[in-house]
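A.B. asks: Sharing a sequence plus its predicted fold:
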Amino acid sequence: MQYFLAIDIGASSGRHILGWLENGIIKQQEVYRFENYILNQNGSLIWDIEHLVSEVKAGIKACCDLEKIPETISIDTWGVDYVLLDKDKKPILPAVSYRDSRTDGIPEEIDKIIPRTELYKRTGIQAINFNTIYQLYCDKNSGKLDNASHFLMIPEYLSFCLTDVIKNEYTNATTGSIINAETKKLDKELLELLGIRTDIFGELNLPTDVIGNLSDTVKKEVGFDAKVIFCPSHDTASAVAACPVGDTGIYISSGTWSLIGTENLSPILSDEAMNGGFTNEGGIEYRYRFLENIMGMWLFQNMRKNLNKKYTYDEMMNMAKQSDFKELINPNAKEFVAPDNMIEAIRNYLHKPELPIEDVLSSVYHSLANSYNEAVKTIERVSGKQIDLINIIGGGSKDSYLNELTKKYTGKRVLAGPTEATALGNLIAQLMYANKALTLEEAREIVKKSFNILEV
């Protein structure tokens with residue numbers, strides 16, 4: 001059997017998924033799961049990079065223990081964060097998290113050097129204060145960049161720790177507003193304008209490109225050799241790679257955030273796209289993920305925590321279905337980013353301090369579906385596409401009520417699934433590496449055959 005190992009790491013956990021083809025159907029087995037977390041070190045929020053490296057290796061070794069040896073391994077993670085290496089290829093720590101406050105005020109400072117509208121026309125990326133470009137500017141100001149010789153996004157650094165090979169990958173690089181959307185190359189002119197060194201960056205590789213084999217040291221640790229390759233190393237890029245929406249479809253990658261967008265062959269850099277909150281992130285085969293970030297399951301996660309996890313998500317869903325309350329909130333309002341109590345924050349936003357919990361839940365459900373509808377209308381208007389289908393993927397695709405409301409509010413056909421889209425997109429890149437004749441369209445057809453994608 002030909003095995004492939006997808007290592008999918010999010011901000012709170014990671015897992016190792018073995019995949020293989022059986023009679024043309026993708027089969028999966030989770031072989032390892034671990035916790036990821038942010039540390040508060042001297043007032044800075046940082047990633048425990050040594051822990052991550054250790055857990056990545058432990059999960060690879062688990063394959064050996066199961067006597068299921070993967071031919072290739074690939075890693076995807078969240079975007080924008082990175083590790084700098086010195087001239088001896090040693091990490092310059094700490095690896096600061098995007099949630100750290102060091103970039104507060106930095107976008108406004110950079111606005112004085114390059115107007116935000118011009119920055120968007122160059123990179124196609126929304127100006128969010130945790131973008132890589134703002135973090136690099138902080139490192140320039142602090143002197144941290146002075147000793148750097150190499151720049152690696154988190155999945156690239158983890159791959160380096162497995163192979164001793166330093167390489168950069170396209171999809172993740174685009175998330176940080178350092179790649180020119182038209183040329184698909186590092187925007188050296190932009191970085192030089194901001195005083196950020198460009199010699200620390202390498203050439204950009206694409207998904208299915210080879211990084212290298214496991215180093216001799218790692219081979220001894222895990223018990224076998226394998227080739228490490230690039231998947232779309234930004235997790236959303238991997239999720240969308242596995243989503244069979246077609247050119248006139250929309251995907252909603254539904255998790256803590258709802259990432260709603262379409263796949264284009266060229267970027268949309270208009271003022272309307274920028275003002276609508278849309279971003280043009282790189283995807284597999286140089287496709288563009290034209291999408292908007294909407295706060296998604298984060299709202300329900302926090303409400304459940306406020307209720308001391310008294311109810312399951314299904315029970316909360318059924319409570320919402322019993323309510324006729326339909327007043328709307330803006331899911332992306334600043335009041336909901338990190339409130340002490342999400343339920344109270346929503347009640348205060350609606351000016352209804354005594355609103356029953358069933359009605360609070362109902363408001364969130366209708367508000368999310370409404371925000372999806374607004375995003376669909378903007379995508380249609382800005383892109384010129386007539387959208388005929390919405391495919392909801394990720395863990396949030398299991399919420400049948402939100403799926404129903406999405407169909408009701410948008411008036412579009414809605415499909416739900418697969419739930420494990422990110423790991424699937426990671427595996428697709430490995431399948432395409434193993435079989436050079438396999439096209440992305442064919443790989444997506446395999447996904448459709450392999451998983452229960454339900455029409456709502």
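C.D. replies: Yep, it's here. Numbers count the residues shown, from 1 in each chain.
A.B. asks: Which helix runs longest in the protein?
C.D. replies: helix 357-383 (DSSP state H).
A.B. asks: Mind checking the pLDDT average for that helix?
C.D. replies: Mean pLDDT, helix 357-383: 96.
A.B. asks: In that helix, which residues are buried?
C.D. replies: Neighbour-count burial for helix 357-383, with 16 or more other Cβ atoms under 10 Å as criterion, is recorded at 357-373, 375-376, 378-379, 382-383. Placement of C-beta: from N, CA and C, glycine included.
A.B. asks: Equivalent analysis for stretch 276-288, please.
C.D. replies: So stretch 276-288, judged by 16+ other Cβ under 10 Å, has buried residues G276, F278, T279, N280, E281, G282, G283, I284, R287, Y288.
A.B. asks: quick one: contacts of the host helix or strand of C64?
C.D. replies: Element membership for C64 (DSSP states H and E) is helix 49-65. With contacts defined as Cβ atoms under 8 Å, 6 or more residues apart in numbering, helix 49-65 is touched by 3, 5, 7, 9, 14-16, 18, 31-32, 34, 36-37, 69-70, 73, 75, 83, 91, 93-95, 154, 157-158, 161-162, 218, 221-224, 226.
A.B. asks: Quick one, which of these are buried?
C.D. replies: Listed as buried from the contacts of helix 49-65 are 3, 5, 7, 9, 14-16, 18, 31-32, 34, 36, 69-70, 73, 75, 83, 91, 94-95, 154, 157-158, 161-162, 218, 221-222, 226; burial here means 16+ other Cβ under 10 Å.
A.B. asks: now, which of those lie within helices?
C.D. replies: Residues of those located in helices (DSSP H): I154, Y157, L158, C161, L162, V218, E221, V222.
A.B. asks: before we move on, the earlier item: and the helix holding C64, how far from the chain's centre?
C.D. replies: 21 Å (Cα atoms, centre = their mean, to the nearest Å).
A.B. asks: what do you get for stretch 225-239?
C.D. replies: The mean C-alpha position of stretch 225-239 is separated from the chain mean by 12 Å, Cα atoms, centre = their mean.
A.B. asks: do stretch 205-213 as well
C.D. replies: Distance, centroid of stretch 205-213 to centroid of chain: 19 Å (Cα atoms, centre = their mean).
A.B. asks: And stretch 189-199, by the same measure?
C.D. replies: 26 Å.
A.B. asks: For that stretch, buried residues please.
C.D. replies: So, applying 16+ other Cβ under 10 Å, buried residues of stretch 189-199: L190, L191, L194, I196, R197.
A.B. asks: export those to CSV and tack on distance to A320?
C.D. replies: What follows is those, written out as CSV (distance: Cβ to Cβ, whole Å):
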residue, distance to A320
L190, 45
L191, 47
L194, 46
I196, 47
R197, 51
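A.B. asks: coming back round to it: ok, of the ones in helices among the buried ones among the contacts of helix 49-65, which one's closest to L402?
C.D. replies: I154 (30.0 Å; Cβ to Cβ).
A.B. asks: Locate the residue of the chain with the greatest distance from its centre.
C.D. replies: Going by Cα atoms, centre = their mean, the residue of the chain most distant from its centre is E354, 36.6 Å out.
A.B. asks: Distance of that residue relative to N348?
C.D. replies: Per Cβ to Cβ, to the nearest Å, E354 is found 12 Å from N348.
A.B. asks: Which segments of the chain make up each domain?
C.D. replies: Domain ranges of the chain: 3-233, 243-417, per automatic domain parsing.
A.B. asks: right, and these - which one's nearest K449?
C.D. replies: That would be domain 3-233 among those, by Cβ to Cβ, at 6.3 Å.
A.B. asks: Pull up the distance across the closest one, start to finish.
C.D. replies: 19 Å (Cα to Cα, to the nearest Å).
A.B. asks: Over to stretch 160-175?
C.D. replies: With Cα to Cα as the measure, the ends of stretch 160-175 fall 20 Å from one another.
A.B. asks: Just give me how far it sits from the chain centre.
C.D. replies: Per Cα atoms, centre = their mean, the centroid offset for stretch 160-175 relative to its chain is 16 Å.
A.B. asks: residues of the helix or strand where T117 lies that come out buried?
C.D. replies: Per DSSP H and E: T117 is located in helix 116-123. Neighbour-count burial for helix 116-123, counted by 16+ other Cβ under 10 Å, picks out L119, Y120, K121, R122, T123.
A.B. asks: what ranges do the helices span in the stretch 301-450 of the chain?
C.D. replies: Applying DSSP state H, counting those that start in this stretch to the stretch 301-450 of the chain gives helices spanning 313-321, 342-350, 357-383, 400-410, 421-434, 440-450.
A.B. asks: residues contacting the closest residue to A6 other than its chain neighbours?
C.D. replies: Spatial nearest neighbour of A6, excluding adjacent residues (Cβ to Cβ, 6 or more residues apart in numbering): N426 at 3.7 Å. By Cβ under 8 Å, 6+ apart, the contact set of N426 is A6, I7, D8, I17, S74, I75, D76, C231, P232, S238.
A.B. asks: Okay, N426 and M317: tell me how far apart.
C.D. replies: In terms of Cβ to Cβ, N426 sits 29 Å off from M317.
A.B. asks: S450 now?
C.D. replies: Here S450 is placed at a distance of 27 Å from M317 (Cβ to Cβ).
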